[in-house]
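S.K.: Output the structure for:
(chains A and B)
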Number of protein chains: 2
Amino acid sequence: MAKSKGSKKKAAKPAGPVTLRDGERLADLLRVPAGEVDPAGFDPRATPGFDGDKADAPAAIAALSPELSDLQERLYASGRAEPERARRVLLVLQGMDTSGKGGVLRHVIGQLDPQGTSIKAFKAPTEEELAHHFLWRIERELPTPGMIGIFDRSQYEDVLIARVNQLAGEDVIMTRYDEINAWEADLVQTGTVVIKCFLQISKDEQKARLTERLTDPAKYWKYNPGDLDSRAKWDAYTEAYAAVLTRCNPDTAPWYVIPADRKWYRNWAITRLLTEHLRDLGLGWPAAEFDVAEEQRRLAES
Amino acid sequence: MAKSKGSKKKAAKPAGPVTLRDGERLADLLRVPAGEVDPAGFDPRATPGFDGDKADAPAAIAALSPELSDLQERLYASGRAEPERARRVLLVLQGMDTSGKGGVLRHVIGQLDPQGTSIKAFKAPTEEELAHHFLWRIERELPTPGMIGIFDRSQYEDVLIARVNQLAGEDVIMTRYDEINAWEADLVQTGTVVIKCFLQISKDEQKARLTERLTDPAKYWKYNPGDLDSRAKWDAYTEAYAAVLTRCNPDTAPWYVIPADRKWYRNWAITRLLTEHLRDLGLGWPAAEFDVAEEQRRLAES
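M.R.: Numbers count the residues shown, from 1 in each chain, chains lettered A, B, ... in the order given. Next up is the predicted model:
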C-alpha cells in the first residue's frame, strides 16, 4: 500500500483544495494546544488545511477512501489473526447538540466496513450505571482488538453536563479530570489509539439547525425540547469545555477541535484525522499461522 | 418519498438490467418454495431478476441507495421517537465458508447508516453459552426497536454444524427445528421482520476463493485450516441445509436463496431484498411529541 504515505522527498505544493503538503498532518493543525484553552478562540467556520468549498469536499473525501479502507482492513485483520498484539482505535465525539456527531457517524464512519466498527451512544446514565463508578459503563464499551470504536458522547459527559447541571460537587468533578487522564493513559499504554474530537459549532449555527428540525416534519424526531434548556446554558457549557480541553489534553490522548459549522469540512477533517492516525500504526498484513504450501496441497486435493 | 414504490398502474417493461417490472418483487423470485427442498436444485451462478453483468451492478445498486437510505432513516427515527411501536429488522446470513457473508456486511450493510445497524457474528459457542439453551445467546443479540440487526451465522448453526459434526443427538436436532420455528414465530409476532438468506456457492467457486486466500498474503488472515475440514463434508452440509430450508421455512419467516457465485449479483440481490422488505412496512415519519409552534417560539427567543 503506502501509496499516500508521507514521502521523505522534498514536500511538493499540493494540487487541489487540500493545502497540506506531502507529509504534513491535519492533526497538527487541529490539535488543541497545551495549556489554558478558551474554545471561543477557535473559529467554527474555519477550514484549516482545506482551501475549497462544499463542492470540493466529496472528491477530497473520496480521494482518502481507498487508503482508509485498506488501513481499516489491516487493523481488522490484525484483530482477527493476532488479537493479543492488535491495536484498537477509539474515536471520541463530543460537541453541543446539533454539532454533528450523528452526521459524522453517518458520513465518516459510514464509509468504513461495519464489521470493523463499534458505535456506542452514551445517553443519560441508567440506575444501574449510576450505582457504579462513572467510568464503569465506558470501560465496557471499549473497542476490542482490531476494532475502531466510536463514542457518541463519552466519559466527558461526566465533567460537562455533570458540571453545568451540578450533578456532582466541584471536588468530585475535579477528581474526575484526573481519573479520566489516568484511565486514558492506561488505555493508550495498552495499545489503544485515542482520538478525541470536539465538534465546535457557533450559537447561530445551532439555532439554524434547530430551526430546521422544527420546520421539516422528517426531522421532528431529532428535536428534543431539552435541547433549548442546554442552549440556554451555552456559556456554562463553553466554560465546561474549556476546562476539559485545558485539563485533559495530554500528548498521548490529545483533543482536536473540529470547526463544525460547515458539515462538509467536518466530514473531510475527521476522515483525514482517522486516516493519519491509522497510517501512523504502520500496519502490515498478519503472517500466516499455518503452512501455506501444505494448505495449498490439501486444497488442491479437495 | 414513495418514489420507487410499486405502482398500481399497468406494469411497464423495465429499462436497464433489472428485469423486474414495476411492482414485481425479487423476494418472490428468490423465495425458497415451501415443501421438500434440495439446495442442489438451485443454480449458484443464476441472476434472477437481473439481465446484466458485473459492469451493470454498481449502477443498479446505486439506483436503490437513496430509497434504502430514506427507509432506513424512517425505521431508525421510529425506534428513537416511538420505541414501543417501532419495528425491527433481522437479516440472517448463512452459507458455506467463503459464500460471502463478510462481503455482504461490507458492501451491502456498509451502505447503511451505521447508527441504525447492529452486526453480530456468531462463532463457536463459549463455555457460558453452552451452559444455556442454544437460543439464549441469540436472543441477547436481537435488534432493538428501529434497528436493522444482521446475524453473520445464527441460530441455524445449531442445526447445521451441530448436525454435521454430531454435536447433538438426532432427537435434539429434530427438537431444535421446532424450537427455532416457534421462536421466530414469536419474533415476527412481536414486530420483527425476519429475512433469512442462504448464500449459495458452488463447490468449485469455494475452491477458487480458498485458493485466492492461500495465494494473496493480504488474505491469509481470512483462511483457516478448518475450512478444508468443512469442505470435506460438503455433502453433509448440503443435506443439513436441505433440512433447514425444508423444516424452517414458514411464510412469516421465509428463506431466500441467494445465488452467490457472482459477488455483484449477491450484493444487488440483498440490497434489493432489504429495500423491498422495508417498503412493505409503509414507514412514515414519527409525529412530533411536542408542541411545534411553542418550540419554534422558544427557539426564536433563545
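
S.K.: quick one, strands of the stretch 201-302 of chain A?
M.R.: Secondary structure of the stretch 201-302 of chain A by DSSP state E, counting those that start in this stretch: the strands cover A:255-259.

S.K.: Which positions in it make contact with chain B?
M.R.: Contact residues, the stretch 201-302 of chain A versus chain B (Cβ under 8 Å from any Cβ of the partner chain): A:207, A:210-211, A:214-215, A:217-218, A:220-223, A:225, A:228, A:231-232, A:285-288, A:290, A:292, A:295-296, A:298-299, A:302. Just so you know, the C-beta spots here come from the backbone N, C-alpha and C atoms, and that holds for glycine as well.

S.K.: 7 Å - rerun?
M.R.: A:207, A:210-211, A:214, A:217-218, A:220-221, A:225, A:228, A:231-232, A:285-286, A:288, A:290, A:292, A:295-296, A:298-299, A:302 (Cβ under 7 Å from any Cβ of the partner chain).

S.K.: hmm, which of the residues you listed are the buried ones?
M.R.: Neighbour counting by 16 or more other Cβ atoms under 10 Å in any protein chain shown classes A:207, A:210, A:214, A:220-221, A:228, A:231, A:285-286, A:288, A:295, A:298-299 among those as buried.

S.K.: Kindly report the residues of the stretch 1-150 of chain A close to chain B.
M.R.: Checking the stretch 1-150 of chain A against chain B by Cβ under 7 Å from any Cβ, the hits are A:77, A:80-81, A:102, A:105-106, A:109-110, A:113-115, A:117, A:119.

S.K.: Tell me, how many residues neighbour A:Gly103?
M.R.: If you count neighbours by other Cβ atoms under 10 Å in any protein chain shown, A:Gly103 ends up with 18.

S.K.: Would you mind measuring from it to chain B?
M.R.: 10 Å (Cβ to the nearest Cβ, to the nearest Å).

S.K.: for that residue, what are its contacts?
M.R.: A:Lys263 (Cβ atoms under 7 Å, 6 or more residues apart in numbering or on different chains).

S.K.: And the pLDDT for A:Gly146?
M.R.: Per-residue confidence (pLDDT) for A:Gly146: 98.

S.K.: Name the SS class of the closest residue to A:Lys196 other than its chain neighbours, please.
M.R.: Of all residues not flanking A:Lys196 in the chain, A:Val92 sits nearest, at 4.3 Å (Cβ to Cβ, 6 or more residues apart in numbering or on different chains). Three-state call for A:Val92 (DSSP: H, G, I helix; E, B strand; the rest coil): strand.

S.K.: cool, and A:Leu199?
M.R.: Once three-state DSSP is applied, A:Leu199 turns out strand.

S.K.: give the contact list for the most centrally placed residue in chain A.
M.R.: Chain A has A:Leu91 as the residue nearest its centroid, 3.3 Å off, counting by Cα atoms, centre = their mean. For A:Leu91, the contact set (Cβ under 7 Å, 6+ apart) comprises A:Ile148, A:Ile150, A:Ile195, A:Cys197, A:Leu274.

S.K.: how close does the last one get to chain B?
M.R.: Here the criterion is Cβ to the nearest Cβ. By it, A:Leu274 lies 14 Å from chain B.

S.K.: Could you list which residues are in contact with that residue?
M.R.: Taking Cβ under 7 Å, 6+ apart as the test, what A:Leu274 contacts is A:Leu68, A:Leu91.

S.K.: same question, the third one
M.R.: With contact taken as Cβ under 7 Å, 6+ apart, A:Ile195 is in contact with A:Val89, A:Leu90, A:Leu91, A:Val92, A:Tyr256, A:Leu273, A:His277.

S.K.: bridging residues for it?
M.R.: In this entry, A:Ile195 is beta-bridged to A:Leu91, by DSSP bridges.

S.K.: any idea how far it lies from chain B?
M.R.: 17 Å.

S.K.: Model confidence at the closest residue to A:Glu157 other than its chain neighbours, what's the number?
M.R.: The shortest distance from A:Glu157 to any non-neighbouring residue, by Cβ to Cβ, 6+ apart, is to A:Phe122 (6.1 Å). pLDDT for A:Phe122: 98.

S.K.: With A:Arg209 instead?
M.R.: For A:Arg209, the predicted pLDDT is 98.

S.K.: so it makes contact with A:Thr98?
M.R.: Yes. With contact defined as Cβ atoms under 7 Å, A:Arg209 reaches A:Thr98; the gap is 3.9 Å.

S.K.: Let me know how buried A:Asp171 is, in neighbour terms.
M.R.: 8.

S.K.: For it, give its distance to A:Tyr177.
M.R.: 11 Å (Cβ to Cβ, to the nearest Å).

S.K.: and if you look at A:Asp227?
M.R.: A:Asp227 is 26 Å from A:Tyr177, by Cβ to Cβ.

S.K.: These two - which one has more neighbours?
M.R.: For A:Asp227 versus A:Tyr177, the count of surrounding residues by other Cβ under 10 Å is larger for A:Asp227: 22 against 16.

S.K.: could you list every residue that touches that one?
M.R.: Taking Cβ under 7 Å, 6+ apart, one finds A:Asp97, A:Leu210 in contact with A:Asp227.

S.K.: try 10 Å
M.R.: A:Met96, A:Asp97, A:Thr98, A:Gln206, A:Arg209, A:Leu210, A:Arg213, A:Leu214, B:Glu295, B:Arg298, B:Leu299, B:Ser302 (Cβ atoms under 10 Å, 6 or more residues apart in numbering or on different chains).

S.K.: what separates it from A:Asp97, distance-wise?
M.R.: On the measure of Cβ to Cβ, A:Asp227 and A:Asp97 end up 5 Å apart.

S.K.: So for the two, which residues contact both of them?
M.R.: With Cβ under 10 Å, 6+ apart, A:Asp227 and A:Asp97 have common neighbours A:Gln206, A:Arg209, A:Leu210, A:Arg213.

S.K.: out of those residues, what pair is the most spread apart?
M.R.: A:Gln206 and A:Arg213 (10.6 Å; Cβ to Cβ).

S.K.: Need the residues touching each of the two.
M.R.: Common neighbours of A:Gln206 and A:Arg213 (Cβ under 10 Å, 6+ apart) are A:Asp97, A:Thr98, A:Asp227, B:Leu299.
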